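*Asks:* A structural model of the following input is requested.
(chains A and B)
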There are 2 protein chains.
Amino acid sequence: MTAMKDLERDYYCGELSSEEIDEEVTLMGWVQRRRDHGGLIFVDLRDRFGLVQVVFSPQEAKEAFEKAEDLRKEYVIAVTGKVARRPEGTINPELATGEIEVNVKEIEILSEADTPPLQIAEDSEVGEDLRLKYRYLDLRRPNMQENIILRHQVKKAVRNYLDEEDFLEIETPMLTKSTPEGARDYLVPSRVHRGKFYALPQSPQLFKQLLMVSGMERYYQITRCFRDEDLRADRQPEFTQIDMEMSFVDEDDVISLVEGMIQEIFATAGLEEPTDFAHMSYQEAMDRFGTDRPDLRFGLELVDVSEIVEDSEFNVFSGTIADGGEVKGINAKGCADFSRKDLDDLTDYVGNYGAQGLAWIALREDGISSPISKFLSDEELEEIQNEMEAEEGDLLLFVADRPKVVAAALGHLRLKLAQRLDLIDQDEFNFVWITDFPLLERDEDEDRLVSLHHPFTAPQDEDIDLLDSKPTEVKAKAYDLVLNGTEIGGGSIRIHDRDLQEKIFENLSLTDEEIDNKFGFLLEAFDYGTPPHGGIAFGLDRLVMLLGKLETIRDVIAFPKTQNATCLLTEAPSRVAEEQLEELNLKVQDDEVEVN
Amino acid sequence: MTAMKDLERDYYCGELSSEEIDEEVTLMGWVQRRRDHGGLIFVDLRDRFGLVQVVFSPQEAKEAFEKAEDLRKEYVIAVTGKVARRPEGTINPELATGEIEVNVKEIEILSEADTPPLQIAEDSEVGEDLRLKYRYLDLRRPNMQENIILRHQVKKAVRNYLDEEDFLEIETPMLTKSTPEGARDYLVPSRVHRGKFYALPQSPQLFKQLLMVSGMERYYQITRCFRDEDLRADRQPEFTQIDMEMSFVDEDDVISLVEGMIQEIFATAGLEEPTDFAHMSYQEAMDRFGTDRPDLRFGLELVDVSEIVEDSEFNVFSGTIADGGEVKGINAKGCADFSRKDLDDLTDYVGNYGAQGLAWIALREDGISSPISKFLSDEELEEIQNEMEAEEGDLLLFVADRPKVVAAALGHLRLKLAQRLDLIDQDEFNFVWITDFPLLERDEDEDRLVSLHHPFTAPQDEDIDLLDSKPTEVKAKAYDLVLNGTEIGGGSIRIHDRDLQEKIFENLSLTDEEIDNKFGFLLEAFDYGTPPHGGIAFGLDRLVMLLGKLETIRDVIAFPKTQNATCLLTEAPSRVAEEQLEELNLKVQDDEVEVN
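*Replies:* Next up is the predicted model:
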């Protein structure tokens, strides 16, 4: 294996077993633990591959023993010694190398160590800021090493699979042009072309489409993307995307290719291969789960009771429906005994998503308890209970509002209830493809149409005629893959026809100048023979996080930034020398108080 | 394979053979060529995997034939038809599919095409600007597709090899902190932390060292790096690096690992595996070839004649030596008959590298011809000829100057002569490791020491004592791999001791504040148990270029920039909206005339 000045490492710590008994070996690694016992010094020696116990004896090797007396946690050492079976009664079945130990003859201290500011152990409770500042120590912890290894394995699986499937890994530029979603681009000032800027890519979308025009047919890349967005929960300013594009395909081709890739990923990560990929239309997902990222590991589906209560004397319901709204509910099974405070909390919770209130009917042992039941007829109450399959002990929760608000409020309420009721099987990996998305939706604030995915998504063939008359009814050839309620990938068949692409840009109210400036080169490319094509992109960070059953993507990124887009280790971003800015012909306008 | 709306592609064009005769197949691709002959239409259909001839007959399939009459070059079509053996006499042995053709029953035109501005053919002569503007068409040319495929294969080989060798692929940040060579950093203004900047990495050096501190032990990454440098021949502002780092290793470990990787790359690319990796010290390379990147595919070595001429009456020689300079020569075998103009051209050429002149001695059939021989004694002349192994017909060329100038002038002259004399075997891949570099050299302009590699390079153990007394004599644990006279990779064993690292920073005249600000986190990391480590990085672009026997790295990059750091396809960099700059708290100082 590997050689040091004097010693030559010939095994990893974690790979030693009773097969090496009596063999003289040299190991290198970190001191995980030192115990002095019965006149001997025992050290758990750690490398990336595991732990092994090494023993220093003053009788057997005096010099080594004396050096070992200096050892403290996290010292880096090289030792040479003979592998021996551990004495009866000291075998450690918890440890892969627990049957053996190494009786050290020689030791070299390669690096001393101060007491680390955080424990190098799986279960140490440390604040994340400290972990990020000392990331190089945090990464020594076995669970963090596992995360990094899992990420490596996932990438390897993706590459092997796509290589077998005739994909070419092709790199696209990082210094590129401001994109459609330009407002969130990171800009890079050019020194040569002073006053001009590159933009870091939010995705390689345009380039991968150009690669299809270029006849590469099957492209992939595991690549960094950048988005300077408002800092929201668990996003990173730079993230890694598994990006792919294929020519001469339809939706089913992409979907079946991806399912194979997911299976390969699971197999490589040592997980059971998923075989059951559900399919659901956008509309069905919104109707039943209030979201296009439904978590199907549990029920608590949304039930539409609008028809039952549309003529109700309860004005909150009937009035909302008359105004074009709807009334939907969730049957919280067995929750009839929620306290008033519980219910107030849930009402506050749905309020976060715009709901004005949360109506409830508790089917208690002693009869119905509800602030609204007095406004509902017996018939309405019965029909509601039938529709919602309610039984004694259940709690029915309702939101009446515009469909968007109902979906958001109940969609989130559903998740909250599932957590509270512990309905989620944490070992399940539940996949569902969401399809038949709307191509366009109306941005209420700006009163114009926007793309639900992006402007290159192809409309479904049979809906093209609706682009003028009923554009929001046009469905897209788009598909998202959702795992346990998180979107892990999304893509579409693209437009490959110049006229249709221009038509869509017009739908999106882009001016000719904007079209030409931003997308002129793509439109021109379409003039020279463009194959039908489509693709998909996966968020690698999130995928690995879910596979590893982790809480945050920061745990699968070696050197992540904080929510605040800061690197606590290097203290980036930072001020730069005035001369650097002068070279770029730039001036910082004024020194403002920094956001924290 | 892949499905379209109506047709399902079931073979690639290039993979059809006589085995498929009588089979009905569906193919998709681009019209490479159309010929109308004997009432039939012949189309060469092209996809990424090759060409196949498809035939339209008005008798066999009238509708398809009529559609085929519209076909022009680069139309994208799908065809279904039966594979048949070509008629006697029309078999094309040049083509992999030359034995067969497909008699089309059905055709779908998937995309029409205007006449492309450049020919889609291997040998088309097109200006590079046009190629870069229409890169998506340029990439359709078979040789460009081969380059992209070769690049894919090289990366695959690297990954497979390093994975087998227990390396983990770990991603390091792109939005990071201004580095040691900060002056050439691309800066990225932060929107959240207004007035602060990230820097794009010139290399992941600090992070990969931190990964060693973190116990990852073996790291690699094929990653983008950025350098905003003065635009020199065949550089790109963004380039791809094969980057690796290993713990518990010495120079030999890294070198032998890399040799295995190079062999795997060659095998994967279908080239003969190199077995002979020469080793040469920096000093020997400078002495014999005038460069630390010697091309060993030919001789024309530099010969030191200083001792012979140090007391010569020829003052240009003896005076230079007396001033601490040297006199070296090259024996241009068989070039005695170079014309006066040839010699003037060579003199001008070495002048580019600082040489004041080029002395020459031609050993012609009719005796010595030389402007300097009259100043040299017979003895001196004879000794020179002996030392340079000169015979009749040879031309001896000399430069007398400071060693740096002599090396640069003769090193370049050597290459120029080799090209002119056609001494270079273009099929040879000649590797040499250069080792024992000086750790530090004196920057004459700034009168301070600078690192020959970078400040993290470890000095050779036996030279550490010289750091104070004779710092420029300290040798480094550094190694570069040179292929055919081009450095393709370079690396070193790193310093892993805080005190030594601080000592080196002091040698480099860094202030405590600079050290702390730039490298404080690295020095602190060294306090917590740091394994000895080292690594290497390869320029992927250049490596693939050499493997593909190409002239420029732009031919192995899908979307390169010009020498001027511009993307001719997307027109990046470009001006951005004033609002974007306002959000960043930046102002462009003034609108200058742009560099072209």
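*Asks:* drop to CA atoms for contacts and neighbour counts, all remaining ones
*Replies:* Noted.
*Asks:* now do the SS call for the closest residue in space to residue A:66 that isn't next to it in sequence.
*Replies:* Nearest residue to residue A:66 in three dimensions, chain neighbours excluded: residue A:58, at 7.5 Å (C-alpha to C-alpha, 6 or more residues apart in numbering or on different chains). Classification of residue A:58 by DSSP: H, G, I helix; E, B strand; the rest coil places it in coil.
*Asks:* ok, residue A:58 - contacts?
*Replies:* A:39, A:40, A:64, A:65, A:66 (C-alpha atoms under 8 Å, 6 or more residues apart in numbering or on different chains).
*Asks:* ok, the third one - contacts?
*Replies:* The neighbourhood of residue A:64, defined by C-alpha under 8 Å, 6+ apart, consists of A:56, A:58, A:104, A:105, A:106, A:107.
*Asks:* who wins for neighbours among those residues?
*Replies:* Top of the contacts of residue A:64 by neighbour number is residue A:56, holding 28 neighbours under the definition other C-alpha atoms under 10 Å in any protein chain shown.
*Asks:* from residue A:84, how far out is it?
*Replies:* 13 Å (C-alpha to C-alpha, to the nearest Å).
*Asks:* now residue A:411
*Replies:* Distance, residue A:411 to residue A:84, using C-alpha to C-alpha: 60 Å.
*Asks:* what about the two, which has more around it?
*Replies:* Between residue A:411 and residue A:84, counted using other C-alpha under 10 Å, the more crowded position is residue A:411 (27 against 20).
*Asks:* quick check, pLDDT for that one.
*Replies:* In this model, residue A:411 is scored at 97, pLDDT.
*Asks:* may I see the buried residues of the longest helix along chain A?
*Replies:* Secondary structure of chain A read by DSSP state H shows that its longest helix is helix A:142-164. Buried residues in helix A:142-164, counting neighbours by 16 or more other C-alpha atoms under 10 Å in any protein chain shown, are found at A:142-145, A:147-163.
*Asks:* now do stretch A:107-119
*Replies:* Buried residues in stretch A:107-119 (16+ other C-alpha under 10 Å): A:107, A:108, A:109, A:110, A:111, A:112, A:113, A:118, A:119.
*Asks:* narrow these to those in strands?
*Replies:* Of the buried residues of stretch A:107-119, the ones assigned to strands by DSSP state E are A:107, A:108, A:109, A:110, A:111.
*Asks:* that older thread, quick check on the residue nearest to residue A:66: phi, psi?
*Replies:* For residue A:58, the backbone dihedrals are phi -70, psi -30 (criterion: degrees, to the nearest 10).
*Asks:* how about residue A:316, nearest residue that isn't a chain neighbour?
*Replies:* Distance criterion C-alpha to C-alpha, 6+ apart; nearest residue to residue A:316, sequence neighbours excluded, is residue A:400 at 7.1 Å.
*Asks:* just checking, what packs against the helix or strand harbouring the one you found?
*Replies:* Assessed by DSSP states H and E, residue A:400 sits inside strand A:395-401. Counting contacts by 3 or more C-alpha pairs under 8 Å, 6 or more residues apart in numbering or on different chains; DSSP states H and E, strand A:395-401 packs against helix A:315-322, strand A:326-332, strand A:359-364, helix A:403-420.
*Asks:* same thing but 6 Å
*Replies:* strand A:326-332, strand A:359-364 (3 or more C-alpha pairs under 6 Å, 6 or more residues apart in numbering or on different chains; DSSP states H and E).
*Asks:* partner strands of the first one and their direction?
*Replies:* Sheet pairing of strand A:326-332 (DSSP bridges) gives strand A:302-304 (antiparallel), strand A:395-401 (antiparallel).
*Asks:* next: the shortest one.
*Replies:* Each strand that pairs with strand A:359-364, with its direction, by DSSP bridges: strand A:367-369 (antiparallel), strand A:395-401 (antiparallel).
*Asks:* can you say which of those strands is packed in most?
*Replies:* strand A:395-401 (a mean of 24; mean count of other C-alpha atoms under 10 Å in any protein chain shown).
*Asks:* could I have the CA atoms of it written out in CSV?
*Replies:* Extracted C-alpha coordinates of strand A:395-401, given in CSV (Å, rounded to 0.1, in the frame of the first residue of the first chain):
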residue,chain,number,x,y,z
LEU,A,395,-61.6,14.5,14.3
LEU,A,396,-62.7,16.1,11.1
LEU,A,397,-60.8,19.3,10.1
PHE,A,398,-62.0,21.7,7.4
VAL,A,399,-60.7,24.6,5.5
ALA,A,400,-63.0,26.7,3.3
ASP,A,401,-61.1,29.1,0.9
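*Asks:* quick check: angle from it to helix A:403-420?
*Replies:* Between strand A:395-401 and helix A:403-420, the angle comes out at 160 degrees (axes from the mean of the first three to the mean of the last three C-alpha atoms, to 10 degrees).
*Asks:* mind checking how far strand A:395-401 is from the chain centre?
*Replies:* Its chain's C-alpha centre and that of strand A:395-401 lie 31 Å apart, by C-alpha atoms, centre = their mean, to the nearest Å.
*Asks:* stretch A:545-552 too?
*Replies:* 8 Å.
*Asks:* how is chain A partitioned into domains?
*Replies:* A:11-111, A:298-420 (automatic domain parsing).
*Asks:* between those, which one is nearest to residue A:275?
*Replies:* Evaluated over these, closeness to residue A:275 peaks at domain A:298-420, with 18.5 Å, by C-alpha to C-alpha.
*Asks:* what's the first-to-last distance across that closest one?
*Replies:* With C-alpha to C-alpha applied, domain A:298-420 spans 12 Å between its terminal residues.
*Asks:* now do stretch A:445-464
*Replies:* For stretch A:445-464, by C-alpha to C-alpha, the gap between its terminal residues amounts to 26 Å.
*Asks:* wait, does that stretch contact chain B?
*Replies:* No. Using C-alpha under 6 Å from any C-alpha of the partner chain, stretch A:445-464 stays clear of chain B, coming no nearer than 9.8 Å.
*Asks:* mean confidence score for that stretch?
*Replies:* Rounded mean pLDDT across stretch A:445-464 is 92.
*Asks:* one more: stretch A:384-393?
*Replies:* On average, stretch A:384-393 scores 96.
*Asks:* now it, how far from the centre of its chain.
*Replies:* Here stretch A:384-393 is found 36 Å from its chain centre; the criterion is C-alpha atoms, centre = their mean.
*Asks:* list of residues touching that stretch?
*Replies:* Contacting residues not belonging to stretch A:384-393 are listed as A:334, A:336, A:363, A:364 [C-alpha atoms under 6 Å, 6 or more residues apart in numbering or on different chains].
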